[in-house]
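# sequence plus predicted model, see below.
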Amino acid sequence: MNYLTNSLYPLLTGDYKEGVTDLDRLITPAILKIFRTKTEGFQKKYRFPELSKEQKKKIREFYRPYEKVDPLCHQVCTGRSGKFYPEYISEDMFYRRIEPFYTDRLASKYLDNKCFYYRFFSNVRLPKLYVMRIGGFWMDSEFRLISFEKAEAIVAEQESSVLKYAVFSECGHGVFFLEGKDRAARFRKIAEEAKQDLVVQETVKQHPAYAALHASSVNTYRIISLLTKDEGVKILASVIRIGAGDSRVDNLYTGGVLVGVGEGGRLGNIGVCSDGRVTEEHPDLHYRFQEILLPHYEKALELVRRAHGIMGHNRIAHWDVAVDETGEAVLIETNLALGSIDCIQVCSGPLFGKDTQKVLNEVYYDRNGRKRRRPFIQLNERDRFAIRDNLLGILGAYYKQGYTNIVLLKNAALRRIDRKLIRNATKKYDYPKLTREQIRKIRAYYRPYVPKVQTESHRVYTAKSGTFFAEYLPEDMYMCDVDRYLSDRELSYYLDNKCYYYRLFPEAKQPEAVAMRIGGVWVDQEYQPISRMEVARRVFAEPEVVIKGAQGSEGGADVHFLMLSDAGPEGTSRRERLTRLSEVIRTLKRDIVIQRSIRQHPDLARLHPESVNTYRIISLLMEGEVVILSRTLKIGAGTRRVDNGCSKGIYCGIDEHDRLKNKGSLDDGAVSEVHPSLGYPIEGIPVPCLEKCMDLVKRIHPFMGHHRLISWDVAVDSEGDAVLIEANLSLGGSDDVQVLDGPLFGAYTRRVLDEVYGYKSRHKK
């Protein structure tokens with residue numbers, strides 16, 4: 001949704017529409033307007049007394065090194081809580097400077113999806129899953145594809161369950177209880193009307209001590225945590241949300257009350273109601289809060305400490321945690337951005353407590369003590385890349401692997417770049433022109449879908465392969481229409497991150513992770529924070545490691561092989577090796593994954609020993625099953641350690657007998673019947689364990705319902721096991737594949753095109 005369109009209503013009214021307003025895409029002035037209006041409303045309604053001169057002086061002195069602060073937030077917090085602290089964080093400062101520093105709001109928009117919880121947070125307890133809909137595909141609790149009818153039958157079997165919108169479910173919006181005889185019909189109606197992902201879960205049965213607070217709602221902790229670079233996960237504040245009246249949910253917006261929680265689970269003496277009132281007792285049941293001691297509080301805190309590590313791009317997070325009847329903590333929801341802080345400070349005091357100055361120093365000053373510039377336009381990193389890459393693509397047809405974020409390119413830039421690449425290749429090799437009859441067949445085939453089809457791709461594919469097919473998919477149609485329809489590129493920008501693979505694809509064998517850097521925080525393979533010294537210790541303990549940029553490493557960019565252990569290269573001191581490690585890490589600006597090198601299958605190693613030679617397998621999620629469209633083998637060349645064409649390697653087609661075809665494709669546009677550096681003929685060479693690799697792809701693709709067309713890079717290790725190296729969730733490439741294997745979608749071409757261009761196709765018929 002356009003920034004301005006989405007932000008216009010909040011800017012004008014200071015309010016937003018639940019389930020309609022895309023909060024994470026609001027421009028900063030709209031966010032500030034919402035929270036400023038709320039604070040001003042409390043002040044206007046309750047007329048809290050002015051702060052004293054001494055109090056205002058303390059506020060000015062505390063915030064002088066950072067910026068001038070409006071004392072309105074302090075006035076309201078002091079008036080509501082009865083306690084004054086200069087360390088209160090104003091909402092203006094929090095949402096304009098602090099949260100944007102620690103949190104990628106757009107990442108939260110795409111990653112804060114309850115369907116992903118069952119992978120991202122698989123190391124903590126979640127409500128039992130019955131079914132989910134992800135990217136339009138239904139899955140059962142074992143993450144197997146099922147039909148809607150099967151999903152409906154599973155829901156009907158449960159006496160009670162809760163259906164939630166997987167996104168846009170803030171403030172109790174999008175939560176439905178499925179009970180009674182009409183539960184299946186209610187499920188069908190909601191599923192047909194809802195456009196987003198859905199989860200259907202077991203209704204959590206809470207611990208008796210928590211049910212005593214308010215029996216009809218599941219009463220949950222709201223815990224705010226900060227993921228630090230040197231101290232791991234720190235708990236900033238903790239409150240409990242208690243329902244009221246006959247509400248089934250516990251949050252303030254449905255009439256509940258929010259109460260601070262102290263050490264050991266002892267409730268504070270005041271609670272905050274939805275209308276801003278402060279009370280010392282429950283509005284309905286009239287028990288006093290400070291008399292309550294809740295059990296198993298530490299388990300809720302431990303859950304947050306275990307869960308937060310993988311969310312390095314959202315270093316401040318708000319977690320909703322219940323305690324079930326067995327006394328175990330259960331994660332209900334996480335709010336990765338724009339969680340409210342006003343009522344929490346009223347109940348629990350300043351958000352950052354004794355660490356307030358430390359946090360503000362990190363936000364406002366760089367490591368050299370220089371004050372950070374105040375951002376004029378707070379563009380998300382993704383938006384900065386999009387503007388840069390699209391301008392370069394449109395104006396200069398510029399594209400550089402490892403630099404250009406391809407998935408952010410709009411159609412105009414993609415077409416300019418594509419035409420330049422085809423024009424350069426055609427000029428270099430003087431490919432024969434297509435005949436009039438061939439052009440006629442191409443136009444006739446694509447007439448139901450596009451007004452005018454570009455035939456230069458067919459010319460290149462036909463010349464390089466020696467075979468003509470009208471069904472070849474033109475590169476511009478693939479990039480601009482088909483791939484964009486089949487894959488959510490916005491989501492792939494965040495989800496296609498090698499640091500997430502260990503949770504997203506737990507069924508797949510992968511190179512063992514030594515350490516990962518996510519959002520600037522180092523973690524181990526279990527996503528628990530570790531220090532930089534621990535990272536170095538682990539790297540030095542390995543014979544060889546591979547350090548990769550976790551995002552944007554296509555074409556072999558940002559891949560480094562290092563041997564830094566004491567058994568490594570002679571003549572280098574430990575300090576020199578540590579310097580080498582630091583240099584490599586500094587060159588990689590974003591997320592990093594450090595992995596153990598794998599020993600590949602001897603049959604693949606013989607093709608080029610220096611590189612790990614991998615299969616490129618393209619799969620399509622179509623009509624409830626995973627279809628393998630193409631299998632090719634990437635073989636390295638020369639002294640390069642990576643296997644792709646951009647590193648002078650060769651792409652080779654594979655026939656139905658799992659042998660290499662008679663020619664391969666090189667990155668410079670040429671085709672070859674021999675290996676480019678070793679000179680052996682490639683035709684007829686058998687390739688090992690391909691069936692295992694395809695089985696791996698079929699197992700792991702279904703969960704990626706938002707990405708129906710994926711290009712997978714899979715290696716085979718010395719034990720003969722398939723090993724996932726990389727998943728290209730968008731724009732995995734179609735040119736070399738079609739040269740080697742024929743039309744990208746083969747027998748599925750018509751069905752795919754009918755779906756992508758469905759309206760135009762039916763209209764023309």
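Cool, got the structure.
# for the stretch 501-650 of the chain, which segments count as helices?
501-504, 532-540, 574-587, 602-605 (DSSP state H, counting those that start in this stretch).
# what are the contacting residues of the third one?
Same thing as helix 574-587. With contact meaning Cβ atoms under 8 Å, 6 or more residues apart in numbering, helix 574-587 is reached by Arg517, Ala536, Val539, Phe540, Ile547, Asp558, His560, Leu562, Leu564, Asp566, Gly568, Ile592. C-beta coordinates here come from the backbone N, C-alpha and C atoms, glycine included.
# from these, which would you call buried?
Buried residues within the contacts of helix 574-587, counting neighbours by 16 or more other Cβ atoms under 10 Å: Arg517, Ala536, Val539, Phe540, Ile547, Asp558, His560, Leu562, Leu564, Ile592.
# tell me where the stretch 551-700 of the chain is predicted with low confidence.
553-557, 566-571, 643-647 (pLDDT under 70).
# which parts of it are strands?
Using DSSP state E, counting those that start in this stretch, the strands of the stretch 551-700 of the chain run over residues 559-562, 592-596, 614-622, 625-635, 650-654, 660-666, 671-672.
# I'd like to know which elements the first one is packed against.
Applying 3 or more Cβ pairs under 8 Å, 6 or more residues apart in numbering; DSSP states H and E, one finds that strand 559-562 makes contact with strand 545-549, helix 574-587.
# okay, these, which one's buried deepest?
strand 545-549 (a mean of 23; mean count of other Cβ atoms under 10 Å).
# starting at the chain centroid, how far to it?
20 Å (Cα atoms, centre = their mean, to the nearest Å).
# what does stretch 142-150 give?
So, by Cα atoms, centre = their mean, the centroid of stretch 142-150 is 24 Å from its chain's centroid.
# list the buried residues of it.
Phe143, Leu145, Ile146, Phe148.
# surely the second one touches Gly136?
Just to be clear, that refers to Leu145. No: with contacts counted by Cβ atoms under 8 Å, Leu145 stays clear of Gly136, the gap being 11.1 Å.
# mind putting the helices of the stretch 501-650 of the chain into CSV with distance to Glu61?
As requested, the helices of the stretch 501-650 of the chain are exported to CSV (distance: least, Cβ to Cβ, whole Å):
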stretch, distance to Glu61
helix 501-504, 46
helix 532-540, 35
helix 574-587, 38
helix 602-605, 67
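# what's the closest of the ones you listed to Gly758?
helix 501-504 (30.0 Å; Cβ to Cβ).
# against which helices or strands is that closest one packed?
Checking 3+ Cβ pairs under 8 Å, 6+ apart, helix 501-504 ends up next to helix 114-120.
# in its sheet, what does the following helix or strand past the helix it packs on sit against?
Remark: after helix 114-120, the chain's next helix or strand is strand 129-134, criterion DSSP states H and E. Next to strand 129-134 in the sheet, as set by DSSP bridges, lie strand 137-140 (antiparallel), strand 198-202 (antiparallel).
# give the contact list for Asp483.
Going by Cβ under 8 Å, 6+ apart, Asp483 touches Arg489, Leu709, Ser730, Leu731.
# also Leu434?
Ile442, Thr455, His458, Arg459, Thr462, Phe468.
# for those, give me CSV that also has distance to Ala747 and pLDDT.
Output for the contacts of Leu434, formatted as CSV (distance: Cβ to Cβ, whole Å; pLDDT from 0 to 100):
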residue, distance to Ala747, pLDDT
Ile442, 18, 97
Thr455, 22, 95
His458, 19, 96
Arg459, 24, 95
Thr462, 20, 96
Phe468, 18, 97
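# output stretch 354-374 as CSV, nothing but the C-alphas.
The C-alpha trace of stretch 354-374 is given here as CSV (Å, rounded to 0.1, in the frame of the first residue of the first chain):
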residue,chain,number,x,y,z
LYS,A,354,18.6,2.0,35.0
ASP,A,355,19.8,1.4,31.4
THR,A,356,18.1,4.4,30.0
GLN,A,357,21.3,6.5,29.5
LYS,A,358,23.1,3.5,28.0
VAL,A,359,20.3,3.0,25.5
LEU,A,360,20.1,6.7,24.6
ASN,A,361,23.9,6.9,24.1
GLU,A,362,23.7,4.0,21.7
VAL,A,363,20.8,5.5,19.8
TYR,A,364,22.1,9.1,19.6
TYR,A,365,25.9,8.6,19.4
ASP,A,366,28.1,6.3,17.2
ARG,A,367,31.0,4.2,18.5
ASN,A,368,33.4,7.1,18.1
GLY,A,369,31.3,9.4,20.3
ARG,A,370,30.0,11.5,17.5
LYS,A,371,26.3,12.4,17.5
ARG,A,372,24.3,10.7,14.9
ARG,A,373,22.6,13.0,12.4
ARG,A,374,18.9,13.3,13.0
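# residues making contact with that stretch?
Residues from elsewhere that reach stretch 354-374 (Cβ under 8 Å, 6+ apart): 63, 65-67, 87, 89, 97-98, 101-102, 226, 234, 350, 352.
# could you redo the last one with a cut-off of 7 Å?
Tyr66, Glu87, Arg97, Ile98, Phe101, Pro350, Phe352 (Cβ atoms under 7 Å, 6 or more residues apart in numbering).
# which positions in it come out as buried?
Those would be Asp355, Thr356, Val359, Leu360, Glu362, Val363, Tyr364, for stretch 354-374 by 16+ other Cβ under 10 Å.
# in contact with the closest residue to Arg266 other than its chain neighbours, which residues?
Leaving aside its sequence neighbours, Arg266 sits nearest to Leu293 (Cβ to Cβ, 6 or more residues apart in numbering; 5.2 Å). Contacts for Leu293 (Cβ under 7 Å, 6+ apart) come out as Gly264, Gly265, Arg266.
# again, but for Asp342
Shown in contact with Asp342 (Cβ under 7 Å, 6+ apart): Thr39, Glu91.
# export the buried ones among the contacts of helix 574-587 to a markdown table and tack on distance to Glu54?
Listed next are these as a markdown table, based on distance: Cβ to Cβ, whole Å:
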| residue | distance to Glu54 |
| --- | --- |
| Arg517 | 46 |
| Ala536 | 50 |
| Val539 | 54 |
| Phe540 | 56 |
| Ile547 | 55 |
| Asp558 | 55 |
| His560 | 58 |
| Leu562 | 58 |
| Leu564 | 58 |
| Ile592 | 49 |
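# would you check which pair of those residues lies furthest apart?
With Cβ to Cβ as the measure, no two of the buried ones among the contacts of helix 574-587 lie farther apart than Phe540 and Asp558, at 21.5 Å.
# buried residues, stretch 742-753. List them.
By neighbour count on 16+ other Cβ under 10 Å, the buried set for stretch 742-753 is Gly742, Pro743, Leu744, Phe745, Tyr748, Thr749, Val752, Leu753.
# residues in contact with that stretch?
Contacts for stretch 742-753 (Cβ under 7 Å, 6+ apart): 449, 469, 471-473, 478, 482, 620, 622, 627, 629, 734, 737-738.
# ok so, going back, got the strands of the stretch 551-700 of the chain as CSV, with distance to Ile240 columns?
Formatted as CSV, these follow (distance: least, Cβ to Cβ, whole Å):
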stretch, distance to Ile240
strand 559-562, 48
strand 592-596, 38
strand 614-622, 42
strand 625-635, 44
strand 650-654, 58
strand 660-666, 61
strand 671-672, 67
